[in-house]
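Enquirer: here is a sequence together with a model predicted from it:
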Amino acid sequence: RAGILSAVALQAATRNGARLFRAEERAGLCKGRAADLLTVDINPLQEIADTERISAVIFKGERLARAELFEEK
């Protein structure tokens, strides 16, 4: 709706964020780097709202149960 391509929005939220925080050398999908990530059920390049359809979360190399992310403590 804002007129931004999905690919540009995703890059702004990922690669550009790593650059902003000077984390390019220690983060990303390369051997030896931290790879916190989430996977989605459908290609968000087609529809950016599909980024909300999260199927898995990997944090510090461990798969987290998505339900646990929303539990109140």
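Expert: Looks like it came in fine.

Enquirer: in its sheet, what does the longest strand along the chain sit against?
Expert: Assignment by DSSP state E gives strand 54-59 as the longest strand of the chain. Within its sheet, strand 54-59 is paired with strand 37-40 (antiparallel), strand 62-64 (antiparallel), according to DSSP bridges.

Enquirer: looking at the ones you listed, which is buried most?
Expert: Among the strands paired with strand 54-59, the stretch with the highest mean neighbour count (mean count of other CB atoms under 10 Å) is strand 37-40, at a mean of 12. Backbone N, C-alpha and C define where each C-beta goes, glycine included.

Enquirer: in this protein, which ranges drop under the pLDDT threshold?
Expert: Along the chain, the model assigns pLDDT under 70 to residues 1, 28-29, 35, 71-73.

Enquirer: now render the strands paired with strand 54-59 as JSON lines, adding distance to R22.
Expert: Formatted as JSON lines, the strands paired with strand 54-59 follow (distance: least, CB to CB, whole Å):
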{"stretch": "strand 37-40", "distance to R22": "19"}
{"stretch": "strand 62-64", "distance to R22": "25"}
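
Enquirer: if we can go back for a sec, check what contacts the longest strand of the chain and list those residues.
Expert: 35-41, 63-64, 66, 69 (CB atoms under 8 Å, 6 or more residues apart in numbering).

Enquirer: and the gap between V8 and L64?
Expert: 28 Å (CB to CB, to the nearest Å).

Enquirer: typed the wrong thing, it's L38
Expert: 9 Å.

Enquirer: show me what the longest helix along the chain is packed against.
Expert: Using DSSP state H to define each element, the chain has its longest helix at helix 6-13. Here helix 6-13 touches no other helix or strand, going by 3 or more CB pairs under 8 Å, 6 or more residues apart in numbering; DSSP states H and E.

Enquirer: tell me which residues in that helix are buried?
Expert: Of the residues in helix 6-13, those with enough neighbours to count as buried (16 or more other CB atoms under 10 Å) are 6, 10.

Enquirer: chain center to that helix, what's the gap?
Expert: Its chain's C-alpha centre and that of helix 6-13 lie 10 Å apart, by CA atoms, centre = their mean, to the nearest Å.

Enquirer: same check, this time on stretch 39-47
Expert: For stretch 39-47, the distance to the chain centre is 11 Å (CA atoms, centre = their mean).
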